[in-house]
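>>> Just a sequence and a predicted model for now, questions to come.
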Amino acid sequence: MSWRDAVPLALRMLLQRDDHIDPHLEILRLGAEHQDIDARDVTVTLVLGSALVTGTVISTDTWERLHLRRLSGHDDTLRRIVRDAVGHLDQAADEGRHRQDIDRRFLHMRDVTHRVGRTAHTLPLWRGSLAAVSGWSLGRPDQD
């Protein structure tokens, strides 16, 4: 996504009322998708029901590439399918092509901590619905 494509989307999100997506969280998502913005290491904590989900926001392409590589360790059929998919993604990236239509319904993160009460689990990758987020904050919560 180019900067010229991202600006109208960000303005539309701020100006139009969409009860399902927080416009400021959508701007963070757009920043992660944008190639020219240095949006690395943006950590957010999301509230989803009674859970806190904390991680570093990444682009859809980055999540997809990492996810497919994690799947490649499974049985032979799945490994062949994943190898083919990763090959297509790598070839497209080498040729400078990027996905035209990003699914705006999801936020992607890496190095995630999922907390419910005092129980915490770490996950390498996370994909979640923006519509399910009831609140969020930049950064990680303090340890108690």
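Nice, I can see it.

>>> Low-confidence stretches in this protein?
The chain contains residues with pLDDT under 70 at 1-20, 35-40, 73-75, 79, 82-83, 86, 89-102, 143-144.

>>> Recalculate using a threshold of 90.
Residue ranges of the chain with pLDDT under 90: 1-42, 59-105, 131, 142-144.

>>> any chance you could map the helices in it?
Remark: helices assigned in the chain by DSSP state H are 3-15, 23-33, 60-71, 76-94.

>>> Taking their axis directions, the shortest one and helix 60-71 sit at what angle?
What it means is helix 23-33. Going by axes from the mean of the first three to the mean of the last three Cα atoms, to 10 degrees, helix 23-33 is angled at 70 degrees with respect to helix 60-71.

>>> Against which helices or strands is helix 23-33 packed?
helix 3-15, strand 51-58, strand 106-116 (3 or more Cβ pairs under 8 Å, 6 or more residues apart in numbering; DSSP states H and E). The C-beta positions use only the backbone N, C-alpha and C, and glycine is treated the same way.
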